[in-house]
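Asker: please find the sequence and the predicted model below.
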Amino acid sequence: MKKSLIALAVLAASGAAMAQSSVTLFGIVDATYAYGNGSVANRSQLTNSGYNSSRLGFRGVEDLGGGLSASFWLEAGLVNDDGRGGGTNTNNQATGGNSNGGLTFNRRSTVSLNGGFGELRLGRDYTPQFWNLTVFDPFGTNGVGTTQTLNSSLGGPTTVRASNAIGYFLPRNLGGFYGQVQYYLGENLSNVANKKDGNGLALRAGWANGPVNVAMAVSQTKFLNADIKAWNLGGQYDFGFGKLLAHVNRDDVKNGNEGTGWLIGGLIPVGAGEIRVAYSTYEIEVANAADPRSNKFALGYVHNLSKRTAVYATAAAVKNKNGAAQALNGSVTAAGRNSSGYDFGIRHSF
């Protein structure tokens with residue numbers, strides 16, 4: 001279901017100029033049966049977002065004339081298996097979580113000014129360092145097949161999104177080049193020891209032309225206990241009969257551990273569906289100790305019943321080494337022991 005509301009407004013001083021506004025309601029409801037197997041305990045659950053993240057959103061744009069426009073985007077995460085809303089983080093810090101179950105626009109809450117110069121975007125949004133992990137993951141960082149880099153990342157509360165963000169995006173007509181810069185704030189008092197806790201700066205730059213898409217991102221976030229630097233590189237090549245995807249990520253915690261992860265995978269169209277496959281790994285480098293490492297293989301299939309409705313299935317297995325204890329779909333496994341899991345689900349978008 002889609003709604004559009006059209007309104008006309010007269011500009012104050014210019015007399016004859018008119019501006020057009022539109023508002024759209026959109027969303028996804030994705031229900032998943034998920035099973036996880038571990039050496040300590042298994043788990044069976046009806047959950048959500050196994051293929052696409054469940055959400056409810058509103059977005060709108062107003063033409064200001066002269067090539068300028070203003071827009072907003074409010075998007076709330078849904079836990080549709082029990083009716084809750086998604087939690088959020090208010091200050092990009094470990095203490096800033098809010099998971100009270102009410103409807104919060106935790107996925108995105110922004111207002112923008114757009115023009116030939118690009119886009120200035122203010123509010124809560126994805127971080128540049130997250131984009132390469134999700135765009136170049138065949139499973140889109142959803143469900144049991146998600147890249148091990150996201151499951152094990154040392155990147156802290158801003159690995160995926162940041163609140164209080166000021167972002168700039170390059171215009172789209174640059175011959176395939178794209179990029180963004182984002183500065184986010186922890187909003188602490190200036191006279192406290194943790195005044196920079198939750199502040200960060202991140203950049204992403206890429207090039208997409210024909211079958212090729214490649215991008216790199218770097219970030220630095222200041223936290224109370226230790227600053228975290230991260231960089232990643234991702235790419236995709238479309239062969240026509242299928243797409244090859246890959247990414248590599250590095251996290252560096254000041255005076256702490258370092259982590260390295262990578263993924264290689266593919267998307268293969270088959271009739272009305274698509275096969276998804278990926279191998280991913282993440283290793284944490286620990287001083288004077290063995291480095292915990294988790295390797296995952298995932299295989300899935302999505303079948304489109306229509307443009308808006310799809311059914312899907314995914315299976316994955318993780319092999320843990322050197323004390324790693326990564327477990328799938330909420331199960332629990334002992335250090336160095338393996339885990340497996342699978343998803344079955346249906347996704348409907350509107």
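Answerer: Arrived safely, thanks for sending. From a predicted model like this one, the values you see are computed outputs, not experimental measurements.
Asker: okay, strands next: where are they in the stretch 201-350 of the chain?
Answerer: Here the stretch 201-350 of the chain has its strands, by DSSP state E, counting those that start in this stretch, at 212-221, 228-238, 243-253, 258-270, 273-285, 293-304, 309-321, 339-349.
Asker: closest one to residue 29 among those?
Answerer: Closest to residue 29 of the strands of the stretch 201-350 of the chain is strand 339-349 (CB to CB; 5.3 Å). Backbone N, C-alpha and C define where each C-beta goes, glycine included.
Asker: so the closest one versus strand 293-304, what angle?
Answerer: Relative orientation of strand 339-349 and strand 293-304, computed by axes from the mean of the first three to the mean of the last three CA atoms, to 10 degrees: 30 degrees.
Asker: strand partners of strand 339-349, parallel vs antiparallel please.
Answerer: For strand 339-349, the paired strands and their directions (DSSP bridges) read strand 18-37 (antiparallel), strand 309-321 (antiparallel).
Asker: point out where the stretch 101-250 of the chain drops to low pLDDT.
Answerer: Along the stretch 101-250 of the chain, no part satisfies pLDDT under 70.
Asker: would you map the helices across it?
Answerer: Under the criterion DSSP state H, counting those that start in this stretch, the stretch 101-250 of the chain contains helices at 128-135, 148-152.
Asker: between these, which one is closest to residue 241.
Answerer: Comparing those by their distance to residue 241 (CB to CB), the top pick is helix 128-135, with 20.6 Å.
Asker: packing partners of the closest one?
Answerer: Counting contacts by 3 or more CB pairs under 8 Å, 6 or more residues apart in numbering; DSSP states H and E, helix 128-135 is packed against helix 148-152, strand 177-184, strand 200-209, strand 212-221, strand 228-238, strand 243-253.
Asker: quick check: angle from it to strand 212-221?
Answerer: 140 degrees.
Asker: what's in contact with helix 128-135?
Answerer: With contacts defined as CB atoms under 8 Å, 6 or more residues apart in numbering, helix 128-135 is touched by 140-141, 147, 149-150, 155, 158-161, 180-182, 202-204, 213, 215-219, 230-234, 236, 247, 249.
Asker: Throw the helices of the stretch 101-250 of the chain into CSV and include distance to residue 122 and mean neighbour count, thanks.
Answerer: Formatted as CSV, the helices of the stretch 101-250 of the chain follow (distance: least, CB to CB, whole Å; neighbours: other CB atoms under 10 Å):
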stretch, distance to residue 122, mean neighbour count
helix 128-135, 15, 23
helix 148-152, 26, 23
